[in-house]
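Colleague: output the structure for:
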Amino acid sequence: MSKDFTFAIKSIGFDEDYHPADNTRITTNFANLARGTSRQENLRNTFRMIDNRFNALAHWDNPKGDRYTVKHEIISVEMNVDGESSTHTLPLIEILKTNIVDQKTGERIEGIVGNNFSSYVRDYDFSVLLLEHNKNQSEFSTPDDFGSLHGKLFKSFVNSSAYRANFKKQPVICLSVSSSKTYQRTANQHPVLGVEYLQDEYSLTDEYFKKMGLKVRYFMPPNSVAPLAFYFAGDLIADYSNLELIGTISTMDTFQKIYRPEIYNANSAAGESYQPSLKHQDFSLTRIVYDREERSRLAIEQGKFAEEHFIKPYQTVLQQWSANYAL
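Modeller: The predicted structure is shown next:
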């Protein structure tokens, strides 16, 4: 583990009373939901969707479909560079932690950390560096070592004493599949994750997460209409219980229905060969207000924030650290 950077972890409950802090990345899914005149109704409807989805998947010993409720914590990760004042910590990552409450027994079951994934450096890589690199290119390409620094920072965090002190298991991040790739259904089926899909070629996001030390598998859970991409470090099926996996599926399936309804709230399910498309017209909207164009614009703004406050001021330190980094 690197001795140069240390990490601080902060946690805040994500519920219908949540208000984003001033330093929260405003492109983050949960922060976006909690803004504007519809904020409380947005949040209330979102949590109802998550609980309903959870109980539909965890249907055993659950005759009324109301046994479980999912609680969420927003985990904010700040990084401190050795020699810098602790008052000048740098916001690095925000993820979600799920906890499952069994309302029949009163038990609180620890869920998976990860789920949603937000990162200032990723905003910089995709919304500033990548756009600048391809501005005058006739053919799309990626810069040398694209994602390497971000991947090393993430691995350093997951292997840090701060992470081990707060979380028992490795993170699982769950995202939309790529609209630029085609996915093929397999005969492999898991009772909770659903039907597995494969693809011949990894997407740019898949390659980016690989540099973070994460593998990917694609599953379409029962009663979903499109596969989700699950990024993980160990064994997705052996390392997590069914209830832990359902916590992640119900949360992220709900987010995707809100943010990518063309794919995840389509009126027909993915077939044996499936290419997602945001241009698909046969879909239903949720009752939750969301401005996707604003989110894209803010991603660029926050990528530039990362460049100004992190990448440029610490360029020499980051280059030296990255060159010497080894787990």
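
Colleague: what segments of the stretch 151-300 of the chain are helices?
Modeller: All helices of the stretch 151-300 of the chain, identified by DSSP state H, counting those that start in this stretch, fall at 161-166, 204-210, 242-259, 261-264, 292-306.

Colleague: wait, which of the ones you listed is closest to residue 103?
Modeller: When those are compared by C-beta to C-beta, helix 242-259 sits nearest residue 103, at 13.2 Å. Backbone N, C-alpha and C define where each C-beta goes, glycine included.

Colleague: output the below-cut-off pLDDT ranges for the stretch 51-200 of the chain.
Modeller: For the stretch 51-200 of the chain, applying pLDDT under 70 flags the ranges 82-88.

Colleague: check the stretch 201-327 of the chain too.
Modeller: Looking at the stretch 201-327 of the chain by pLDDT under 70, you get 289-296, 327.

Colleague: reformat the helices of the stretch 151-300 of the chain as TSV; add mean neighbour count and distance to residue 175.
Modeller: Listed next are the helices of the stretch 151-300 of the chain as TSV, based on neighbours: other C-beta atoms under 10 Å; distance: least, C-beta to C-beta, whole Å:
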stretch	mean neighbour count	distance to residue 175
helix 161-166	13	20
helix 204-210	19	7
helix 242-259	24	8
helix 261-264	20	11
helix 292-306	16	14
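
Colleague: can you list those helices in TSV and add distance to residue 143?
Modeller: Below are the helices of the stretch 151-300 of the chain laid out as TSV (distance: least, C-beta to C-beta, whole Å):
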stretch	distance to residue 143
helix 161-166	28
helix 204-210	12
helix 242-259	27
helix 261-264	28
helix 292-306	14
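
Colleague: which of those sits closest to residue 314?
Modeller: helix 292-306 (10.7 Å).

Colleague: can I get whatever helix or strand comes next after the closest one in PDB, CA atoms only?
Modeller: Note on helix 292-306: by DSSP states H and E, the next helix or strand toward the C-terminus is helix 315-324. What follows is helix 315-324, C-alpha atoms only, in PDB (Å, rounded to 0.1, in the frame of the first residue of the first chain):
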ATOM      1  CA  GLN A 315       1.100  16.800 -11.200                       C
ATOM      2  CA  THR A 316       4.700  16.100 -10.100                       C
ATOM      3  CA  VAL A 317       3.600  14.300  -6.900                       C
ATOM      4  CA  LEU A 318       1.100  12.200  -8.800                       C
ATOM      5  CA  GLN A 319       3.500  11.200 -11.500                       C
ATOM      6  CA  GLN A 320       6.100  10.200  -9.000                       C
ATOM      7  CA  TRP A 321       3.700   8.300  -6.900                       C
ATOM      8  CA  SER A 322       2.100   6.600  -9.900                       C
ATOM      9  CA  ALA A 323       5.500   5.500 -11.300                       C
ATOM     10  CA  ASN A 324       6.500   4.000  -8.000                       C
END
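
Colleague: what are the buried residues along helix 315-324?
Modeller: 318, 321, 322 (16 or more other C-beta atoms under 10 Å).

Colleague: now do stretch 230-238
Modeller: Quick answer for stretch 230-238 (16+ other C-beta under 10 Å): 230, 231, 232, 233, 236.

Colleague: distance-wise, check the last one relative to residue 60.
Modeller: Here the criterion is C-beta to C-beta, to the nearest Å. By it, residue 236 lies 21 Å from residue 60.

Colleague: same question for the first one.
Modeller: In this structure, residue 230 lies at 22 Å from residue 60, with C-beta to C-beta as the measure.

Colleague: just the second one next, same as before
Modeller: When distances are taken as C-beta to C-beta, residue 231 and residue 60 turn out to be 28 Å apart.

Colleague: just the fourth one next, same as before
Modeller: Distance of residue 233 to residue 60, given as C-beta to C-beta: 29 Å.

Colleague: neighbours of residue 278, how many?
Modeller: 12 (other C-beta atoms under 10 Å).

Colleague: list the contacts for it?
Modeller: With contact set as C-beta atoms under 8 Å, 6 or more residues apart in numbering, residue 278 has these partners: 179, 260, 262, 263.
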